[in-house]
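Enquirer: Okay, here's the prediction I keep looking at, along with the sequence it came from:
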Amino acid sequence: MRKMISCAVLALSITALAAFGADNSIGTWKANIEKSKYTPGPMPLKSYTAVREAVPGGVKVTTTGERADGSPIHTTYTAKFDGSDSPVTGSGAPYDTFAVKQVNANTFTAVGKNSKTKYHADFRLVVSADGKSMTSTAKGTDADGKPMTLTLVLEKQ
């Protein structure tokens, strides 16, 4: 009986670890600009796609797109889920570091900062229960230090 209980506890522990380690944000996500909002307007993006790849203990994110002024977006960062700042390479993002924490398989918190401007934003990313959409909300200050909020609706490709 003890052996059976021990095996059951072990199996439950492994299942719980696997569930916590899951990341339902992995994949390619395209922004639906019409459903997204930015305050103060106008929306600073024309198009935006994020490719999220699993790496041990974190995620690698590559973004492409176009800003409202026509300038290209092409950035990459690899972040551990420990909340430590990770450098962002490339161009077009308002931040030069990004720090990510995983809350559960569908929810992440993050902080984007720029060392050369006043940009600072707290993000929350939530993958829908059906896994077909992800909403990224942000609140903080833009490059000039003015308050801003963003709700970016992304659809799984």
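Expert: Alright, I've got the coordinates. Residues are numbered from 1 along each chain as shown.
Enquirer: where does the helix or strand Val100 falls within sit relative to the chain's centre, distance-wise?
Expert: Val100 belongs to strand 97-104 when elements are defined using DSSP states H and E. Computed by C-alpha atoms, centre = their mean, to the nearest Å, the chain-centroid distance of strand 97-104 equals 7 Å.
Enquirer: And for stretch 141-151?
Expert: That offset, for stretch 141-151, works out to 17 Å (C-alpha atoms, centre = their mean).
Enquirer: ok, and for that stretch, which residues are buried?
Expert: 142, 148, 150 (16 or more other C-beta atoms under 10 Å). From N, CA and C alone the C-beta is placed, and that goes for glycine too.
Enquirer: just checking, what packs against the strand holding Val100?
Expert: strand 58-67, strand 72-80, strand 86-87, strand 107-113 (3 or more C-beta pairs under 8 Å, 6 or more residues apart in numbering; DSSP states H and E).
Enquirer: okay if I get the ones you listed as JSON lines plus mean pLDDT, mean neighbour count and distance to Leu154?
Expert: Conversion of those to JSON lines gives the following (pLDDT from 0 to 100; neighbours: other C-beta atoms under 10 Å; distance: least, C-beta to C-beta, whole Å):
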{"stretch": "strand 58-67", "mean pLDDT": "98", "mean neighbour count": "18", "distance to Leu154": "11"}
{"stretch": "strand 72-80", "mean pLDDT": "98", "mean neighbour count": "18", "distance to Leu154": "14"}
{"stretch": "strand 86-87", "mean pLDDT": "98", "mean neighbour count": "15", "distance to Leu154": "20"}
{"stretch": "strand 107-113", "mean pLDDT": "98", "mean neighbour count": "19", "distance to Leu154": "13"}
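Enquirer: This completes my enquiry, with thanks.
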